[in-house]
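# Okay, here's the prediction I keep looking at, along with the sequence it came from:
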Amino acid sequence: MTQEGKLIIFSAPSGAGKTTIVHHLLEKFPDRLEFSVSATSRPIRGDEAEGVDYYFISLEEFKKKIADGEFIEYEEVYKGHYYGTLQKELWRIWRKGKHVIFDVDVKGGLNLKNQFGPRALAVFVMPPSLKSLEDRLRKRETETPESIARRMARAPREIEEAKNFDIILKNDSLPQAFAEAEKIVGGFLT
């Protein structure tokens with residue numbers, strides 16, 4: 001088996017821009033980074049694709065994989081909706097000689113950082129304000145008022161965890177956040 005690579009973890013409350021930043025970094029470092037596709041027990045949404053956005057598995061199958069020890073980390077983020085990282089996903093990427101980049105919730109990000117220590121860089125994407133988060137979630141037009149309320153209820157607790165990450169990346173301006181993220185990731189990979 002190939003040498004294990006590094007892990008770059010991006011976490012934030014929903015709507016902070018972490019997914020946009022991660023996609024930018026994948027375009028910037030295509031030969032060095034590959035996206036870790038998380039597994040989830042929630043239903044597929046909108047134009048999401050199996051094996052691209054998530055591995056969509058039933059709640060029963062998710063719980064079986066937990067029992068079988070197949071996850072590096074997992075969490076029940078919302079009632080009945082589990083998210084997690086399968087061990088085989090890391091090995092799939094490392095076998096290609098690439099480093100793994102994650103777009104995960106705050107608790108999952110900290111779990112990964114704690115497990116992999118100095119081989120992992122944990123970046124918290126800080127939104128300009130809670131109001132801007134809510135505005136971004138509404139603009140997505142994929143969220144119900146109930147799901148926006150759930151996400152907004154979690155956001156202050158998630159922001160409180162920012163201090164436990166290696167780096168806090170402020171996302172006031174997307175071009176500026178892109179440039180800063182490139183510098184951070186480029187430095188960590190060399």
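Structure's in. What do you need?
# Count residues in the vicinity of residue 59, would you?
Burial of residue 59 is recorded as 13 neighbouring residues (other C-beta atoms under 10 Å). Bear in mind the C-beta positions are built from the backbone N, C-alpha and C, glycine included.
# Identify the residue nearest it in space, chain neighbours excluded?
residue 41 (4.4 Å; C-beta to C-beta, 6 or more residues apart in numbering).
# Against residue 61, how distant is the one you found?
Distance, residue 41 to residue 61, using C-beta to C-beta, to the nearest Å: 8 Å.
# So if I had to pick from the two, which one is more boxed in?
Shown here are residue 41 and residue 61; by other C-beta under 10 Å, residue 41 has more neighbours (22 against 13).
# how about the residue nearest to residue 59, what does it touch?
Residues near residue 41 by C-beta atoms under 8 Å, 6 or more residues apart in numbering: 57, 58, 59, 61, 62, 80, 81, 82, 83.
# one more time with 7 Å
Applying C-beta atoms under 7 Å, 6 or more residues apart in numbering, one finds that residue 41 lies in contact with 57, 58, 59, 62, 80, 81, 82.
# Which two among these are spaced furthest apart?
Every pair in the contacts of residue 41 was compared (C-beta to C-beta); the two farthest apart turn out to be 57 and 80, at 12.9 Å.
# Would you mind telling me which of the two has more residues around it?
For the pair residue 57 and residue 80, the greater number of neighbours falls to residue 57 (19 against 10), based on other C-beta under 10 Å.
# Tell me the pLDDT of the more buried one.
Looking at residue 57, its pLDDT stands at 96.
# where are the low-confidence patches of the protein?
The model of the chain has pLDDT under 70 over residues 1-3.
# Try it again at 50.
1-2 (pLDDT under 50).
# can you map out the helices along it?
Here the chain has its helices, by DSSP state H, at 18-28, 59-67, 87-95, 106-116, 130-140, 145-160, 174-189.
# So which of those is nearest residue 9?
That would be helix 106-116 among those, by C-beta to C-beta, at 4.6 Å.
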